[in-house]
Structure formats: C-alpha cells, structure tokens
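Engineer: got a predicted model here, sequence first, then my questions.
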Amino acid sequence: MTIAERVDALIGAAGMAATYTRNVDGSYDTTNLKPGRTATSYTVTASIKDYKPNEISGGIVAGDRKCHIAAQQLSFTPARGDSITIQGKLYRVENCNTLGAKGETTTYVLQVRG
C-alpha cells in the first residue's frame, strides 16, 4: 500500500462525505461579454476543522476553516474559486497547499471560507 493510499484510507475513516465543485472558464459568451463558467462536481471524503488562533494571520481570517482531502480522490489540484459542500454548508476555496512524502502528493489542505 502506498503512502497516498494510506492517507486516503485514514481520511476516509475519519472524514465525511462532501461535494467538491470545480469551476472553470468555458467558451467566451458574446452576449454577456465574458467567459462562460462550467461547474463539475465530485464526491469526496474530507475532514474539516477550525484554524488554531495562532494560525490566523496573513490571508487566513477568523472564521476560515482547514479542510483535508486525500490527493487520490481528485485528478486535479484544487484551486481558489472552487467550492466544497460539507454537511450542507458551502465553502469557497481560498487557498490550497499540498502535503506529500517521497515525491508523492498525498493530501490537499484547503483554506476554505463560508
């Protein structure tokens, strides 16, 4: 079992069902004079928790939360502007960091706001 598979199993055991929505620009809409947006949803298992008071600085503000998703659950790296719905609450992705070992990305750590 790889490290990424172990992380996926751990988050799967401790996390909860969530819907990750990827928003991408589509073709240019000549009526609205801006790119069209396409949203694609993915079912994932995620964990979510509050930031500790000493972590709130820079771009992290009070009320932001930290969300972990196993990298094996998505075929892309999450990006600012995407969203995730956990326990019926919608959060906007503000930032994404990756964790890994031995050159392998194992976890996406999202800063979410909502």
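Structural biologist: Nice, I can see it.

Engineer: which residues in this structure form strands?
Structural biologist: Remark: strands assigned in the chain by DSSP state E are 16-29, 34-50, 65-70, 83-86, 89-101, 104-113.

Engineer: would you turn these into a markdown table with mean neighbour count?
Structural biologist: Yep, even glycine has a C-beta here, placed from its N, CA and C like the rest. Converted to a markdown table, these look like this (neighbours: other CB atoms under 10 Å):
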| stretch | mean neighbour count |
| --- | --- |
| strand 16-29 | 14 |
| strand 34-50 | 14 |
| strand 65-70 | 21 |
| strand 83-86 | 20 |
| strand 89-101 | 15 |
| strand 104-113 | 19 |
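
Engineer: can the ones you listed go into CSV with extra columns for distance to Thr77 and mean pLDDT?
Structural biologist: Formatted as CSV, these follow (distance: least, CB to CB, whole Å; pLDDT from 0 to 100):
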stretch, distance to Thr77, mean pLDDT
strand 16-29, 10, 88
strand 34-50, 13, 91
strand 65-70, 11, 96
strand 83-86, 14, 98
strand 89-101, 6, 96
strand 104-113, 7, 96
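
Engineer: now render the ones you listed as JSON lines, adding distance to Glu5.
Structural biologist: Output for the strands of the chain, formatted as JSON lines (distance: least, CB to CB, whole Å):
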{"stretch": "strand 16-29", "distance to Glu5": "19"}
{"stretch": "strand 34-50", "distance to Glu5": "14"}
{"stretch": "strand 65-70", "distance to Glu5": "9"}
{"stretch": "strand 83-86", "distance to Glu5": "22"}
{"stretch": "strand 89-101", "distance to Glu5": "12"}
{"stretch": "strand 104-113", "distance to Glu5": "9"}
